[in-house]
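For reference, the sequence and a predicted model appear below.
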Amino acid sequence: MMTCREISKVVSDSLDRELPFRVRMELRLHLMMCGLCRNYHKQSLLIRKSLRFGGDELTADHSIPEAAALRIQEALNAAVAEK
Amino acid sequence: MLIVRSRYRCAMQKAKHLPDPSEWVGLYGDALYGYAFSRLRDESAAEDAVQETLLAALKAQDKFSGTSPAQTWLIEILKHKIVDVIRKQSRENPMEELPDEDPVEQMLFDPKGHWRGGLREWQVNPEKSLDRKELMSALSGCIQNLPEKLGHVFTLCELEGMDSDEVCKVLGVSPTNLGVMLHRARIRLQKCISEKGFGRS
């Protein structure tokens, strides 16, 4: 029998690859009996789903620092001039 | 030097023509930087990725087909540049041996492998767009808190949807270690989101 800690790893693995039949069955049984792991599993799927459908929208709320913006614009201008 | 920050920024971002390169930083700098920063978690790395992206875009201007907005096209280039930056960082600062014990797991599980109380259940309804938005913003903050290597693993696998063999190559890790690191990243994210108050007390 796997512990909850081992099950949490199996939950993670299940997001990345197909698990062997025996492991899948044990995961299923464990989740039926254990509410804490069931919650972990549910939330793992929710993170996966959110990122699959909205991952590209995930962005830090940071503006480009002014100094970097200037430097990059200069580099661009220099590259344009070279063309 | 004058950087054009157009008042028509929103309209321009949707435009399906490529504005003049002198306007790129003003128009797309913030969007590209925010995207890069959320994935690289480091200011100078994000700045480098943006610069590399715009220089590459300049060379590839002819390839812009106009079937998608210019910003989308630039983000596609940026995605490659982000992988390049991570690859370079991994080469310069290779993975040390993965510690056998993970302190966060030890915090969450007792020595017998049982949850010490478990993670709080999030009060979130994924059908509601406000809840989804809040979850994404919590996720974004928590991803930024991941330790560097775990963050790279998570970015490549989950945000950029890269194939795990590819990720192993980019980061120079074995498939087994990749699995362990993904697990450690995911368990940290859940813990972090639970602590942000998504859970009921």
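That came through, no problem.

Going by residue numbers, what spans are helices in chain A?
If you assign secondary structure with DSSP state H, the helices in chain A sit at A:4-16, A:21-33, A:35-54, A:66-82.

The third one vs chain B: in contact?
What it means is helix A:35-54. Yes. Helix A:35-54 is in contact with chain B by C-beta under 8 Å from any C-beta of the partner chain, via A:35-37, A:39-40, A:43-44, A:46-52, A:54. All C-beta atoms are positioned from the backbone trio N, CA, C, and that covers glycine.

avg pLDDT for that helix?
Per-residue confidence for helix A:35-54 averages out to 92 on the pLDDT scale.

now do stretch B:34-43
Here stretch B:34-43 scores 93 as its mean pLDDT.

For the closest residue to B:E160 other than its chain neighbours, which three-state class applies?
In space, B:E160 comes closest to B:K79 once its chain neighbours are excluded; the distance is 6.0 Å by C-beta to C-beta, 6 or more residues apart in numbering or on different chains. When the structure is split into helix, strand and coil by DSSP: H, G, I helix; E, B strand; the rest coil, B:K79 lands in helix.

how many neighbours does B:V83 have?
Burial of B:V83 is recorded as 20 neighbouring residues (other C-beta atoms under 10 Å in any protein chain shown).

Over to A:C37?
Taking other C-beta under 10 Å as the neighbour definition, A:C37 ends up with a count of 23.

Now that it has come up, it's in contact with A:V11, right?
Yes. In terms of C-beta atoms under 8 Å, A:C37 counts as a neighbour of A:V11; the distance is 7.3 Å.

Can you give me the buried ones in the helix or strand hosting B:M107?
B:M107 is part of helix B:103-108, with elements assigned from DSSP states H and E. Under the neighbour-count criterion of 16 or more other C-beta atoms under 10 Å in any protein chain shown, helix B:103-108 has B:E105, B:L108 buried.
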